[in-house]
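model this:
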Amino acid sequence: LDLGFHHQALLYIKYLQIYHKLEDCHDQMVHPQKQRDIKQVLEAVIIRILQLKAKLIEFNPRIMNRFVALDEVLTDLKLNPEVVEWRGPRGVLGDE
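Have a look, this model is predicted:
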């Protein structure tokens with residue numbers, strides 16, 4: 001794998017893991033002030049994930065392909081494919 005692609009893929013996977021944890025935390029939070037703070041961090045993480053996805057497409061070994069295969073990176077990290085599944089935020093965006 002290309003070194004730039006591999007680095008971006010690692011970052012993308014780690015940010016997705018952070019996103020899943022923050023999203024679960026936000027969904028179960030009862031304190032409105034803490035929920036608001038988590039929401040701000042969650043929005044920043046979502047923006048970063050979108051930036052990394054754009055970089056992955058740019059560094060994709062399959063030229064001009066928007067589908068990015070992360071199989072090898074997931075295998076290297078010994079992670080299951082559901083780690084990179086995108087779940088939409090539950091009640092996070094647009095609930096103001």
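
Show me what the longest helix seen in the chain is packed up against.
Counting residues, the longest helix in the chain under DSSP state H turns out to be helix 32-59. Applying 3 or more C-beta pairs under 8 Å, 6 or more residues apart in numbering; DSSP states H and E, one finds that helix 32-59 makes contact with helix 3-28. Any C-beta I mention is one placed from the backbone N, CA and C, and that applies to glycine too.

what pLDDT does the most centrally placed residue in the chain get?
Ranked by distance to the mean C-alpha position of the chain (C-alpha atoms, centre = their mean), the top residue is residue 16 at 2.7 Å. According to the prediction, residue 16 has pLDDT 93.

One more: residue 47?
Reading off the model, residue 47 has pLDDT 95.

Report the buried residues of the longest helix of the chain.
Buried residues in helix 32-59, defined by neighbour count with 16 or more other C-beta atoms under 10 Å: 35, 38, 39, 42, 45, 46, 49, 52, 53, 55, 56, 59.

Could you provide the residues you listed in TSV, with additional columns for distance to residue 88?
Shown next, in TSV, are the buried residues of helix 32-59 (distance: C-beta to C-beta, whole Å):
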residue	distance to residue 88
35	17
38	16
39	14
42	12
45	14
46	10
49	12
52	18
53	15
55	22
56	20
59	26
